[in-house]
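Visitor: Kindly return the folded structure for what I paste below:
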Amino acid sequence: MGVVVALGVAACGGSDGDEETEATVTDTAAVTEAEESSRATDAPDTAPDTSAPPATESVETAPSTEAVTAESPSTSEATSDAVDVGRVVVLGEESVLADLLALDVPVVASSATVPDAGFQGIEDDTEGIEIFDYLNTSLEELATLQPDQVIVWQYIVDQVGREQLDGLGAEVLVIPDGTTSRERVELFGEHFGREAEAEGLIADLDAAYAVGSEQVPEDCAASVVAIYPGPSPAVFARPVWAVPLAVDTLGCELVPSGDEIETDGNGRAYLSLEQLEVIAGPELILLQNDTVTGDTEAVEEIEQNPIWGQLPAVASGDVTVIDRLGYPGLVGETRVVDELVAIFNG
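Guide: Residues are numbered from 1 along each chain as shown. Coordinates of the predicted model:
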């Protein structure tokens, strides 16, 4: 068996609303369920564009999107009858790992967005979880982990080949591309016998949005931007990644909107330096991460651009930097809601 795959694309996501995801980030571009997870509503948190059958069958049925009522138990009250999950290996970065750990699913190994930096944005204990970079990991190496279950995004299955993954001798649970963090948690809850825990996490997210929506100004609006190495600016005009998704769900406007500019599957539009004026929101939220090589330098360089200095939020000093890898999974999306409420009320 050879190398898993040298993907030239970023991770898809769900996120994430992840953050939810969550995207896979390389030294030259950061993308996560993705995400945030990948991760995404249109695609997994690749970036760019996120059940217990026999051992080598995957569960690919679309997860339920039925709304969770206010009576759903909180995570502290959940009492699901968890099933024996065996050794779980994740091919999906922090957006997927965060959701599994929040459901108390033990994971023995997981890919990470920036492997050398360790798992990012996860508040649960990750000590003892082996980190690997699936872009540079062979199937033989994965086999040495002796997985009983492999949790993997569909886009990775498409790149690697289903037969190769089945050759690991583990049960393969495939996360459909475009799965949101909410749908992903529902899928994992059903698969691992943790339905009550899943309902509790979703109820916590719904509660955060309900409270936050009452606290933000009625006319709130923001431009959500990432400055990738280059510098290569990208504006998030559709609610796919966790932060723009949360901005939109809180009832605030994304500037520009996806109706005004063409976006990729992650709701993102790359801009030339001459197009910076479309970043016209009264608040500017920068999604950056200093563990990604060249990220900090890219921001410093673009700040020297005269158009940048004339942007409304830059001129007024209403610029906030948020760690774009810091809010993976549904629990990350829940946490970022509070961050955004503070920004819009700042």
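Visitor: any idea which helix is longest in the chain?
Guide: Among all segments of the chain classified by DSSP state H, the helix with the greatest residue count is helix 195-215.
Visitor: Would you mind putting the CA coordinates of it into PDB?
Guide: Provided in PDB are the C-alpha atoms of helix 195-215 (Å, rounded to 0.1, in the frame of the first residue of the first chain):
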ATOM      1  CA  GLU A 195     -27.800  10.200  21.100                       C
ATOM      2  CA  ALA A 196     -28.500  12.000  24.300                       C
ATOM      3  CA  GLU A 197     -25.100  13.500  24.500                       C
ATOM      4  CA  ALA A 198     -25.500  14.700  20.900                       C
ATOM      5  CA  GLU A 199     -28.800  16.300  21.700                       C
ATOM      6  CA  GLY A 200     -27.300  18.100  24.600                       C
ATOM      7  CA  LEU A 201     -24.500  19.600  22.600                       C
ATOM      8  CA  ILE A 202     -26.900  20.800  19.900                       C
ATOM      9  CA  ALA A 203     -29.200  22.200  22.600                       C
ATOM     10  CA  ASP A 204     -26.200  24.100  24.000                       C
ATOM     11  CA  LEU A 205     -25.500  25.600  20.500                       C
ATOM     12  CA  ASP A 206     -29.100  26.500  20.000                       C
ATOM     13  CA  ALA A 207     -29.200  28.200  23.400                       C
ATOM     14  CA  ALA A 208     -26.000  30.200  22.600                       C
ATOM     15  CA  TYR A 209     -27.600  31.500  19.400                       C
ATOM     16  CA  ALA A 210     -30.900  32.300  21.000                       C
ATOM     17  CA  VAL A 211     -29.200  34.400  23.700                       C
ATOM     18  CA  GLY A 212     -26.600  35.900  21.300                       C
ATOM     19  CA  SER A 213     -29.200  37.000  18.800                       C
ATOM     20  CA  GLU A 214     -30.900  39.100  21.500                       C
ATOM     21  CA  GLN A 215     -27.700  40.700  22.400                       C
END
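Visitor: Report the contact partners of residue 198.
Guide: 103, 185-186, 188-190 (Cβ atoms under 8 Å, 6 or more residues apart in numbering). (Glycine included, C-beta is placed from N, CA and C.)
Visitor: which residue packs closest to it, ignoring adjacent ones?
Guide: Leaving aside its chain neighbours, residue 198 sits nearest to residue 189 (2.7 Å; criterion: Cβ to Cβ, 6 or more residues apart in numbering).
Visitor: Remind me which helix or strand that neighbour belongs to.
Guide: Secondary structure assignment for residue 189, by DSSP states H and E: helix 181-191.
Visitor: Hey, what's the angle from that helix to helix 195-215? Just curious.
Guide: Relative orientation of helix 181-191 and helix 195-215, computed by axes from the mean of the first three to the mean of the last three Cα atoms, to 10 degrees: 160 degrees.
Visitor: Out of the contacts of residue 198, which comes closest to residue 202?
Guide: Out of those, the one with the shortest distance to residue 202 is residue 185. That distance is 6.2 Å, counting by Cβ to Cβ.
Visitor: Give me the neighbour count for that closest one.
Guide: Residue crowding around residue 185 was assessed by other Cβ atoms under 10 Å; the count is 30.
Visitor: So it is in contact with residue 201, correct?
Guide: Yes. The pair residue 185 / residue 201 is scored as a contact, 5.5 Å apart, by Cβ atoms under 8 Å.
Visitor: what do these two both touch?
Guide: For the pair residue 185 and residue 201, residues contacting each of them under the criterion Cβ under 8 Å, 6+ apart are 102-103, 330.
Visitor: out of those, who's nearest residue 274?
Guide: Distances from residue 274 to the shared contacts of residue 185 and residue 201, taken as Cβ to Cβ, are shortest for residue 330 (38.0 Å).
Visitor: Kindly list the main-chain dihedrals of the closest residue to residue 123 other than its chain neighbours?
Guide: For residue 123, ignoring the flanking residues on the chain, the nearest one in space by Cβ to Cβ, 6+ apart is residue 331 at 7.2 Å. Dihedral pair for residue 331: phi -70, psi -30, per degrees, to the nearest 10.
Visitor: show me the contacts for residue 331.
Guide: With Cβ under 8 Å, 6+ apart as the criterion, the residues that contact residue 331 are 98-99, 102, 123, 201.
Visitor: Let me see the domain layout of this protein.
Guide: 11-64+72-207, 215-344 (automatic domain parsing).
Visitor: Redo these as TSV? Include mean pLDDT.
Guide: Below are the domains of the chain laid out as TSV (pLDDT from 0 to 100):
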stretch	mean pLDDT
domain 11-64+72-207	74
domain 215-344	96
